[in-house]
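Just a sequence and a predicted model for now, questions to come.
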Amino acid sequence: MEKEINKDCQEKEIEHGDCEEKKTVSRNFIEQIIDKDIAENGCTKVITRFPPEPNGYLHIGHAKSILLNYGLAKEYGGEFNLRFDDTNPTKEKEEFVDSIKEDVEWLGGNFEDRLFFASDYFEQMYELAVKLIKKGKAYVCDLSAEEIREYRGTLTESGKNSPYRERSIEENLALFQDMKNGKFEDGSKVLRAKIDMSSPNINMRDPVIYRVAHLEHHRTGNTWCIYPMYDFAHPVEDAIEGVTHSICTLEFEDHRPLYDWVVKELEFEHTPKQIEFAKLYLTNVVTGKRYIKKLVEDHIVDGWDDPRLVSLAALRRRGFTPQAIQMFIELCGVSKSDSSVDYAMLEYCIREDLKFKKKRIMAVLDPIKLIITNYPSDQIEYLEAANNQENEELGSRQIPFSRELYIERDDFKIDPPKKYFRLYPGNEVRLMNAYFVKCESYVTDQDGNVTEIYCTYDKETKSGSGFTGRKVKGTIHWVNAQTAIEAEVRLYENLVDEEKGVYNEDGSINLNPNSLTILKHCYIEPSVADAKAYDSFQFLRNGYFCVDAKDSSEEHRIFNRIVSLKSSYKPEK
Ligand code: ATP
Ligand code: MG
């Protein structure tokens with residue numbers, strides 16, 4: 001499958017471990033570039049970085065960037081930096097810094113002592129901008145933002161030189177210093193790189209590299225009232241840190257000449273190389289930070305970690321594991337062309353990860369009472385149940401059984417449709433891990449809803465007793481009423497309506513009204529009594545569930561459904 005998706009891959013034979021055996025592995029296009037830089041261009045130690053702007057929480061798309069950068073550093077025995085690109089104080093906050101650190105660590109991106117902040121380089125950046133001015137490669141411009149736009153020209157029309165372009169170096173130095181010293185209003189002056197107003201690449205038409213902005217920064221406070229622009233700051237940050245391969249997404253491809261220009265003009269000894277890859281998009285979910293932020297701010301979701309979102313905090317709260325996300329990102333591969341990945345593939349990965357690891361227990365989500373009329377009312381017995389039928393290592397547990405149980409409402413029908421093998425009047429089914437029971441009668445309320453089911457059980461049919469007397473076609477799960485733990489269960493569907501697409505014509509998000517279903521009175525077998533936040537289980541026949549880390553308490557337990565058991569998704573072979 002990897003080969004199918006990784007169109008930009010090339011196969012290569014590598015030596016495998018100590019043995020002589022050769023193994024064919026596919027090399028994605030980034031690895032091919034790095035291989036070449038090591039073999040031919042003198043790269044001795046690979047250094048990569050993940051450079052988030054702390055203006056929101058990370059999402060599944062960022063996971064791709066983190067795992068890609070971290071994975072490459074590890075693969076080549078190099079280093080991985082986590083660097084906050086905090087050059088725009090308007091939207092940046094310490095809350096986001098903390099959440100990003102937590103998420104990167106959770107995913108397994110180990111940055112140890114390699115945590116950096118662009119704001120730590122503000123002084124150096126200022127000096128570097130001065131260096132450009134001294135070289136005659138930057139000038140202070142008084143045009144307004146709108147005028148700059150007008151002067152810039154279009155894709156078909158060349159731009160016009162600013163009337164301030166030929167200011168002397170001395171004047172520029174003095175003005176830039178005044179900018180720094182707070183002598184000018186926001187927006188009244190900028191520092192621009194002096195490149196070429198007729199370049200076919202609009203990014204090269206004297207881009208703004210510093211602006212005046214009297215803003216308080218979350219780390220440097222009010223020390224600065226000028227801030228560097230991304231296109232200047234980013235290559236400088238990479239070069240300062242010795243990053244060898246600056247891996248970013250495709251939208252920066254047209255900015256690469258400017259990136260290279262900055263590195264060259266500032267005469268860095270060390271020259272990082274920018275490489276672009278395609279962003280990860282998922283079907284039917286909102287990925288962009290901007291859109292997630294809007295859903296949070298409009299209170300459409302319950303914060304950045306609402307389990308319906310694909311922020312990493314939300315996926316974690318929902319019960320996804322770092323291993324599942326790593327598997328997913330690996331399956332997606334790395335490519336240079338944009339495409340959307342089916343959300344079902346992410347679900348496939350979490351099922352695969354949890355399948356053998358988690359206990360499979362019984363929980364009734366939509367309960368209805370079942371009373372075994374011939375079972376002694378004062379008796380309780382303990383039945384043995386395997387914790388995971390596919391993994392013996394998880395052992396077994398004892399589950400209580402007595403006269404009154406709960407079963408799923410859906411497992412009983414007064415008038416069963418054809419091929420319905422579960423409970424109905426006169427029919428016999430197996431209670432999982434327990435006995436055969438036969439429905440003798442039932443009670444309804446005034447509206448005709450079934451409220452209680454009366455059954456008889458056959459003592460001879462106990463699970464594991466080797467009973468072969470007769471067979472039943474249906475097996476249903478249950479929990480013992482007296483010892484069950486009552487819990488709230490939250491079921492999720494995609495936030496966006498699958499049929500209609502993510503966005504409406506007016507740009508608003510097309511929300512799925514059924515994205516959250518809250519089941520208030522579910523019953524779970526007592527083995528979950530000690531479950532802590534994030535602990536997860538398979539609830540037999542119902543899916544995988546996880547203790548909600550935010551709202552669950554011992555008095556009021558809440559489980560999130562991570563994923564149902566069934567899937568239409570099949571990985572390609
Ligand atoms: P968004 O597009 O969601 O607003 P962003 O690109 O503004 O995110 P940054 O904090 O600037 O977020 O991103 C940090 C890194 O993550 C960048 O290198 C960016 O290219 C990468 N990245 C962002 N979104 C994706 C994605 N969907 N797939 C892969 N990498 C991504
Ligand atoms: Mg950004």
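Now that the structure is in, tell me what you want to look at. Numbers count the residues shown, from 1 in each chain. Ligands and ions are numbered 1, 2, ... in the order given.

In this protein, which residue is most central in space?
Centroid check for the chain by Cα atoms, centre = their mean gives Ile60 as the closest residue, at 2.8 Å.

which non-adjacent residue is nearest that one?
Using Cβ to Cβ, 6 or more residues apart in numbering and skipping residues adjacent in sequence, the residue nearest Ile60 is Val310, 4.4 Å away. Yep, even glycine has a C-beta here, placed from its N, CA and C like the rest.

Could you do Thr517 as well?
Closest residue to Thr517 apart from its sequence neighbours, by Cβ to Cβ, 6+ apart: Leu491 at 4.3 Å.

Please give the element, helix or strand, for that neighbour.
Taking DSSP states H and E as the criterion, Leu491 maps to strand 485-492.

Now do the following helix or strand past that strand, average pLDDT.
Following strand 485-492 in sequence order, the next helix or strand is strand 516-524 (DSSP H and E). Here strand 516-524 scores 97 as its mean pLDDT.

now stretch 544-551
pLDDT averaged over stretch 544-551 gives 98.

Ok, stretch 107-116 next?
94.

can you check stretch 477-484 too?
Mean predicted confidence for stretch 477-484 is 98.

Also stretch 163-179?
For stretch 163-179, mean pLDDT is 98.

where does the residue in the stretch 51-200 of the chain that ligand 1 sits nearest to fall, phi/psi-wise?
Using Cβ to the nearest ligand atom, the closest approach of the stretch 51-200 of the chain to ligand 1 is made by Gly61 at 2.2 Å. Note on Gly61: backbone dihedrals following degrees, to the nearest 10 are phi -60, psi -40.

Please list all residues in contact with it.
279-281, 287 (Cβ atoms under 8 Å, 6 or more residues apart in numbering).

hmm, 7 Å instead?
Counting by Cβ atoms under 7 Å, 6 or more residues apart in numbering, Gly61 touches 279-280, 287.

so which of these is the most crowded?
For those, the largest number of neighbours (other Cβ atoms under 10 Å) sits with Leu280, at 24 neighbours.

pretty sure it is touching Cys332, no?
Yes - counting by Cβ atoms under 7 Å, Leu280 sits close enough to Cys332 to count as a contact (6.1 Å).

Now do the shared contacts for these two.
Any residue near both Leu280 and Cys332 by Cβ under 7 Å, 6+ apart counts here, and that gives 64, 341.

what's the nearest residue to the residue of the stretch 51-200 of the chain closest to ligand 1 if we skip its chain neighbours?
Residue nearest to Gly61 in three dimensions, not counting chain neighbours: Leu280, with 4.6 Å by Cβ to Cβ, 6+ apart.

before we move on, what about Glu166?
Of all residues not flanking Glu166 in the chain, Tyr139 sits nearest, at 7.8 Å (Cβ to Cβ, 6+ apart).

what residues are up against Val243?
So Val243 contacts 47-49, 81, 272 (Cβ under 7 Å, 6+ apart).

typo on my end, it should be Asn542
Taking Cβ under 7 Å, 6+ apart as the criterion, Asn542 is in contact with 363, 365.
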